[in-house]
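Participant: The following comprises the amino acid sequence and a computationally predicted model.
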Amino acid sequence: MLILQAVNLLPGSLEGQDPRLSQFYAAPMQVNPALCGVFEGRYRGALNYRVLYPTLFSDRPFRTYSGSFEWRAKVVNRDYAGFGVAVQQDEAGVAGFERGSFMVGASFLKQLSGGRGASAEQYLVAGAQAGLLQHALQGDGLWFSSQYNRGENRVDRGLPSGEPISGTLRRVNPDLQAGLLWYAVFDENASVYAGAALHHILEPDVSLLDGDGVQLFRRWTAHGGGEIPFTKELSALPAVMVASQGPSLSATAGMNIRYANPYWRDLALRSGLWAHLSNQSAAIDPSPGLDALVFVAVFELERWNLGFSYDVTASSLRRSNYSRGAFEIALTYFHPAKERYQVRCPKY
């Protein structure tokens, strides 16, 4: 997803939106603060990398880097508290536009039902994150129409730009987000979950020039999914995530099919197809349209998950990028819990 919809460094003309990951289920702390601590194990680490439109911008494609680390502690009975740290970095285009965030999060997992005789183990989770959000632009990488030499048909950066821009423009703001999650685990391979989150509650000022006063829109996120067992080894993991931020609407939905071989190092394979929809041009047509089809393969081996995905562009942009959208890698590590009876969590 383009991190900027429009860049025109005049007052009131800067618009932005958050980056999107196709394997959103592999970056839980970026989706919902309430997903912090919702995993089976003692702690979890996740790394994500995405490169977007390398065909259009071969020298400087859009890149997203993301990472998180979480751990969980027992509070009382079967209630738990989760703690985590999440970082994300975006790089967009030859102008060197960057968006970075550093967030510290916490959650509380309250058991609603479970134990002997219960048909399902249910939890309600509340979570919040607080930290810093940074936007930056390499002003020296920009050129303007006043620097175009028509006689020589080239850009002459030695000519005055007429704009108050030089060096690196940077702004750092506090950021706050919160979310809720409910889930139920019925069996080892049967579960359901649903959650919602609000990001950028403070609506920070992201303008790069003093006095512009351009606020970043709040982002609402709703997501849900679960696991449907067919046999002991075979199951389906459908999921959906919808995000709304200002005029931008984004939705990703699909399913991974999981085949597990528990007799050899807990090996499991997932593969699936997902669809991403967005209102790419809200001013022209506010109704969402198909933006990309996402093909996914995930390998699970003991404590590790390694996922690969490829976005095939389905919008009109495919005529320019030959349908080559984005490539993404997700790596997750789970460390087993010390306690014998640990909290049960859904797969996602």
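Facilitator: That came through fine.
Participant: which residues of the stretch 101-250 of the chain score low on pLDDT?
Facilitator: Within the stretch 101-250 of the chain, the segments meeting pLDDT under 70 span 115-117, 139-141, 143, 152, 157-158, 161-167, 211-212.
Participant: just the strands in it please.
Facilitator: Remark: strands assigned in the stretch 101-250 of the chain by DSSP state E, counting those that start in this stretch are 121-138, 148-149, 154-155, 168-187, 190-199, 219-229, 234-245, 248-261.
Participant: quick one, the fourth one and strand 190-199 angle?
Facilitator: If you take axes from the mean of the first three to the mean of the last three CA atoms, to 10 degrees, strand 168-187 sits at 150 degrees to strand 190-199.
Participant: Can you point out the buried residues in strand 168-187?
Facilitator: 169, 171, 173, 175-186 (16 or more other CB atoms under 10 Å). To be clear about C-beta, it is placed using only N, CA and C from the backbone, and glycine gets the same treatment.
Participant: That one - contacts with which helices or strands?
Facilitator: If you count contacts as 3 or more CB pairs under 8 Å, 6 or more residues apart in numbering; DSSP states H and E, strand 168-187 packs onto strand 97-113, strand 121-138, strand 190-199.
Participant: Just put these in JSON lines and tack on mean neighbour count.
Facilitator: As requested, the helices and strands packed on strand 168-187 are exported to JSON lines (neighbours: other CB atoms under 10 Å):
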{"stretch": "strand 97-113", "mean neighbour count": "19"}
{"stretch": "strand 121-138", "mean neighbour count": "20"}
{"stretch": "strand 190-199", "mean neighbour count": "20"}
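Participant: Contacts for stretch 81-93 next, please.
Facilitator: 2-4, 19, 29-30, 36-38, 57, 60, 62-73, 75, 97-109, 125, 127, 129 (CB atoms under 8 Å, 6 or more residues apart in numbering).
Participant: What is the nearest of the buried residues of strand 168-187 to A251?
Facilitator: Comparing the buried residues of strand 168-187 against A251 with CB to CB places G179 closest, at 17.7 Å.
Participant: That closest one and Q30 touch, don't they?
Facilitator: No. Look at G179 against Q30 with CB atoms under 8 Å: they stay out of range, at 11.3 Å.
Participant: now the helices and strands packed on strand 168-187 in a markdown table, with distance to A337?
Facilitator: Putting these into a markdown table (distance: least, CB to CB, whole Å) gives the following:
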| stretch | distance to A337 |
| --- | --- |
| strand 97-113 | 13 |
| strand 121-138 | 15 |
| strand 190-199 | 18 |
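Participant: right, and those strands - which one's nearest G307?
Facilitator: Nearest of the helices and strands packed on strand 168-187 (CB to CB): strand 190-199, 18.7 Å.
Participant: quick check: angle from the closest one to strand 121-138?
Facilitator: 40 degrees.
Participant: strand partners of strand 190-199, parallel vs antiparallel please.
Facilitator: strand 168-187 (antiparallel), strand 219-229 (antiparallel) (DSSP bridges).
Participant: ok and it relative to strand 234-245, angle-wise?
Facilitator: Per the same axes, to 10 degrees, the angle that strand 190-199 makes with strand 234-245 is 10 degrees.
Participant: With only the CA atoms kept, save strand 190-199 in PDB.
Facilitator: Extracted C-alpha coordinates of strand 190-199, given in PDB (Å, rounded to 0.1, in the frame of the first residue of the first chain):
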ATOM      1  CA  ALA A 190     -10.900 -25.700  16.300                       C
ATOM      2  CA  SER A 191     -11.100 -22.000  17.300                       C
ATOM      3  CA  VAL A 192     -12.600 -18.600  16.500                       C
ATOM      4  CA  TYR A 193     -11.600 -15.000  17.200                       C
ATOM      5  CA  ALA A 194     -12.700 -11.500  16.500                       C
ATOM      6  CA  GLY A 195     -11.200  -8.100  17.500                       C
ATOM      7  CA  ALA A 196     -11.100  -4.400  16.800                       C
ATOM      8  CA  ALA A 197      -8.500  -1.700  17.300                       C
ATOM      9  CA  LEU A 198      -8.200   2.100  17.100                       C
ATOM     10  CA  HIS A 199      -4.800   3.400  16.000                       C
END
